[in-house]
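Asker: Sequence first, then the predicted structure, then my questions.
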Amino acid sequence: MDSLSLSGVCRHHFPVKNGGFFLGNKAGFTRRRVAIAGVASPLRRPEIVPSLEEETFGRRDRNHHTAWTSVRQERWEGELVVQGEIPLWLKGTYLRNGPGLWHIEDYNFRHLFDGYATLVKLHFENGQLIAGHRQIESEAYKAARKNKRICFREFSEVPKYKNFMAYVGDIAKLFSGASLTDNANTGVVKLGDGRVVCLTETQKGSLVIDPDSLETLGRFEYSDGLGGLIHSAHPIVTDTEFLTLLPDLVNPGYLVVRMEPGTNERKLIGRVNCRTGPAPGWVHSFPVTEHYVVVPEMPLRYCAQNLLRAEPTPLYKFEWHPESKAFLHVMCKASGKIVASVEVPLFITFHFINAYEEEDEDGRVTAIIADCCEHNADTTILDRLRLQNLRSFNGEDDILPDARVGRFTIPLDGSPYGKLESALEPNEHGKGMDMCSINPANLGKKYRYAYACGAKRPCHFPNTLTKLDLVKKVAKNWHDEGAVPSEPFFVARPGATEEDDGVVISLISERNGSGYALLLDGSTFEEIARAKLPYGLPYGLHGCWVPKE
Ligand SMILES: CC(=O)/C=C/C=C(C)/C=C/C1=C(C)CCCC1(C)C
Ligand SMILES: CC(/C=C/C=O)=C\C=C\C=O
Ligand SMILES: [Fe+2]
């Protein structure tokens, strides 16, 4: 951590005489605390006060919603004042990752997914809440800070080349992965052995962090020789395994791999060859059942030419190939054998929600059901996530493309086709749908409830939290005017027997530079507690739960 990072941390965000924003800061910032404690005037609201660090680190544009504005400083930690009641059984840390810094010096990034990773924590214990955030110290982030420019290839950004030879040199480094980003800004997972890893789509962007201090501890090095440069951003992680997909861009297909807790070695379960296409489909995520891995082959495919381009294309590193069709493959986890490979209607999804095995009366598995947040086979969502679009909402235009819970049925009787339907009427959740979670105890099993972000229209981005009842086919929605909530994350009550017995955690970014942590009851979906942050945090993507033993 450089001195710049710490210098501005507490200038205006101190726990003293703070008008009830938050209760205390952790050690390390004492020097300024003493200086400020003597200031007689009441603390001004943080959102209208430019901090020292703001001038150098978090440049701000007051017209932007907090959700799409770079995080205001490198790190912060402190206790929050809680309104309502945090259940005493809730003991542990919710971690959330996401792209939170979208500029370097005067250069503004273009896409939501380009931002340098901001890790947020909410630690719950004894009904109290300690919050914190910190930048992940990827090589890409450190190099950008040091050199005051982008130095690695990000989701849509590439370094600016001084001349043609520099461009050629960078392309050469692309093949070894050296020029790819390690900006681990997508998710965070707790491995079965306790290590906590932040992830993105590049394999080198797997970084181990300390869940208490949020410090970046180093790269998670995969010790196997499986190679490849990219993987799914969403491995399936349980206490006993880590499963992921490695797309093969040379011989279009996917390796399905498994890693045991306590090791860094992924082992090959099997390989799926693509049915068609010039390249594999994008696999941001994939679902599993108790015995099978479902490998999606989406018509939105990786594109070698787009990988080489200096300027982003409308679909970034991808290309839409409807003629290449869409497929789902089902691989047996134990044997690596492919038990089904079906053509399905065209689809677009970032996030699978869950999958399970459908049985007949004799207990024979007849089909796999796989649910996802499906964008009606419309690629425009990728463009909608450009920062310019996210920042230019006037409050009136209804421009969020429709989405639904897409439910695939994959027959296991050898039929060549699978089905894709809406699992519930999309109007139930305002026809907006993404960023989902379930009770992890139901992973791969028949389940009833999912939590996601939905839409209260008009809107340009999901602006509700929604609880989906996939049996009754209804949704219950939470909305706060102007709020942008992040992925609702379900934590089960220890000893619970009902699927929805627990709490749902979300971080809310508000319009006026503020924000709060929110706790909803998993069953009633009513608010049980909220805690205002000293200043709002940018939108974030995915989280995990680190229980306190
Ligand atoms: C934040 C999020 O959801 C997705 C991030 C995706 C990234 C960073 C993808 C990066 C890539 C490259 C830098 C080159 C190779 C292709 C691809 C994996 C898209
Ligand atoms: C935030 C998002 C889509 C929202 C649209 O409704 C997708 C995020 C993908 C990466 O994790
Ligand atoms: Fe994701």
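Answerer: Cool, got the structure. Residues are numbered from 1 along each chain as shown. Ligands and ions are numbered 1, 2, ... in the order given.

Asker: Strands of the stretch 351-500 of the chain, residue ranges please.
Answerer: Ranges of strands in the stretch 351-500 of the chain, per DSSP state E, counting those that start in this stretch, are 365-374, 404-411, 419-422, 434-437, 449-454, 464-469, 474-479, 484-485, 489-492.

Asker: Among those, which comes closest to ligand 1?
Answerer: For those, the distance to ligand 1 is smallest for strand 434-437, at 10.7 Å, taking C-beta to the nearest ligand atom. For every residue, glycine as well, the C-beta is placed using N, CA and C.

Asker: Could you say which of the strands of the stretch 351-500 of the chain is packed most deeply?
Answerer: Highest mean neighbour count among the strands of the stretch 351-500 of the chain (mean count of other C-beta atoms under 10 Å): strand 449-454, with a mean of 26.

Asker: OK, contacts around Leu226?
Answerer: Residues in contact with Leu226 (C-beta atoms under 8 Å, 6 or more residues apart in numbering) are 246, 255, 257, 266, 268.

Asker: Give me the buried subset of the residues you listed.
Answerer: Burial by neighbour count, judged by 16 or more other C-beta atoms under 10 Å, picks out 246, 255, 257, 266 from the contacts of Leu226.

Asker: Please verify my assumption that the first one contacts Val257.
Answerer: Yes. Counting by C-beta atoms under 8 Å, Leu246 sits close enough to Val257 to count as a contact (6.1 Å).

Asker: wait, which of the contacts of Leu226 is closest to Leu443?
Answerer: Val257 (18.0 Å; C-beta to C-beta).

Asker: which parts of this structure sit against ligand 2?
Answerer: 186, 350, 381, 403, 432, 434-435, 462, 541 (C-beta under 6 Å from any ligand atom).

Asker: Could you rerun that using 5 Å?
Answerer: 350, 434, 462, 541 (C-beta under 5 Å from any ligand atom).

Asker: Make sure the last one is actually in contact with Met435.
Answerer: Same thing as Leu541. Yes. Leu541 lies in contact with Met435 (C-beta under 8 Å); the separation is 7.4 Å.

Asker: Overlap in contacts, the two.
Answerer: 486-487.

Asker: hang on, the earlier thing: including mean pLDDT, could the strands of the stretch 351-500 of the chain go into JSON lines?
Answerer: Below are these laid out as JSON lines (pLDDT from 0 to 100):
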{"stretch": "strand 365-374", "mean pLDDT": "98"}
{"stretch": "strand 404-411", "mean pLDDT": "98"}
{"stretch": "strand 419-422", "mean pLDDT": "98"}
{"stretch": "strand 434-437", "mean pLDDT": "98"}
{"stretch": "strand 449-454", "mean pLDDT": "99"}
{"stretch": "strand 464-469", "mean pLDDT": "98"}
{"stretch": "strand 474-479", "mean pLDDT": "98"}
{"stretch": "strand 484-485", "mean pLDDT": "98"}
{"stretch": "strand 489-492", "mean pLDDT": "98"}
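
Asker: Those residues of this protein touching ligand 1, which are they?
Answerer: 113, 153, 155, 186, 200-201, 230, 317.

Asker: let's go with 8 Å and repeat that
Answerer: Counting by C-beta under 8 Å from any ligand atom, the chain comes close to ligand 1 at 98-99, 112-114, 152-155, 174, 180-181, 183, 185-186, 200-202, 205, 229-230, 233, 282, 284, 302, 307, 316-318, 350, 541.

Asker: Just those: which are in helices?
Answerer: Among the residues of the chain next to ligand 1, the members found in helices (DSSP state H) are 174, 307.

Asker: Cys544 is in contact with Thr93, correct?
Answerer: No. Between Thr93 and Cys544 there is no contact under C-beta under 8 Å: 9.1 Å.

Asker: what number of residues lie near Gly98?
Answerer: Number of residues near Gly98 (other C-beta atoms under 10 Å) recorded here: 26.

Asker: same deal with Ser223?
Answerer: Around Ser223 there are 10 residues (other C-beta under 10 Å).

Asker: which residues touch the closest residue to it other than its chain neighbours?
Answerer: In space, and not counting its chain neighbours, Ser223 is closest to Asn264: 4.3 Å by C-beta to C-beta, 6 or more residues apart in numbering. By C-beta under 8 Å, 6+ apart, the residues touching Asn264 are 220-224.

Asker: okay if I get those residues as CSV plus secondary structure and pLDDT?
Answerer: CSV is the format used below for the contacts of Asn264 (DSSP: H, G, I helix; E, B strand; the rest coil; pLDDT from 0 to 100):
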residue, secondary structure, pLDDT
Phe220, coil, 98
Glu221, coil, 98
Tyr222, coil, 98
Ser223, coil, 98
Asp224, coil, 97
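
Asker: Quick one: buried ones out of these?
Answerer: 220, 222.

Asker: Need the max-distance pair from the contacts of Asn264.
Answerer: Of all pairs drawn from the contacts of Asn264, the greatest distance, 12.4 Å, lies between Phe220 and Asp224 (C-beta to C-beta).

Asker: Restrict stretch 202-212 to CA atoms and write it as CSV.
Answerer: Extracted C-alpha coordinates of stretch 202-212, given in CSV (Å, rounded to 0.1, in the frame of the first residue of the first chain):
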residue,chain,number,x,y,z
THR,A,202,-8.2,-14.8,-17.2
GLN,A,203,-6.6,-17.6,-15.3
LYS,A,204,-3.7,-15.4,-14.2
GLY,A,205,-6.4,-13.2,-12.6
SER,A,206,-6.9,-15.6,-9.7
LEU,A,207,-5.6,-13.8,-6.6
VAL,A,208,-5.6,-14.9,-3.0
ILE,A,209,-6.8,-12.4,-0.5
ASP,A,210,-7.1,-12.1,3.3
PRO,A,211,-10.8,-11.9,4.1
ASP,A,212,-10.2,-9.8,7.2
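
Asker: any idea how far Glu396 lies from ligand 2?
Answerer: Glu396 is 19 Å from ligand 2, where distance means C-beta to the nearest ligand atom, to the nearest Å.

Asker: Ser415 too?
Answerer: Taking C-beta to the nearest ligand atom, one finds Ser415 at 32 Å from ligand 2.

Asker: Am I right that that residue is in contact with Val344?
Answerer: No. Judged on C-beta under 8 Å, Ser415 makes no contact with Val344 at a distance of 11.5 Å.

Asker: Looking at those two, which is more packed in?
Answerer: Taking neighbours as other C-beta under 10 Å, Ser415 and Val344 compare with Val344 leading, 21 against 12.

Asker: Would you mind naming the residues that bridge with that one?
Answerer: For Val344, the beta-bridge partners under DSSP bridges are Ala326.

Asker: on that earlier part again, quick one: closest of the strands of the stretch 351-500 of the chain to Glu323.
Answerer: Among the strands of the stretch 351-500 of the chain, strand 419-422 comes nearest to Glu323, with 18.0 Å by C-beta to C-beta.

Asker: what sits against the residue nearest to Arg301 when sequence neighbours are not counted?
Answerer: Residue nearest to Arg301 in three dimensions, not counting chain neighbours: Ala279, with 4.6 Å by C-beta to C-beta, 6+ apart. Contact analysis of Ala279 by C-beta under 8 Å, 6+ apart lists 249, 252, 301-304, 319.

Asker: Provide a list of residue ranges in the chain with pLDDT below threshold.
Answerer: The chain contains residues with pLDDT under 70 at 1-63.

Asker: For ligand 2, what's the nearest residue on it?
Answerer: Asp434 (3.7 Å).

Asker: The closest residue to that residue other than its chain neighbours: what's it in contact with?
Answerer: Excluding the flanking residues, the one nearest Asp434 by C-beta to C-beta, 6+ apart is Cys373, at 4.4 Å. Residues near Cys373 by C-beta under 8 Å, 6+ apart: 349-351, 353, 403-406, 433-436, 452.
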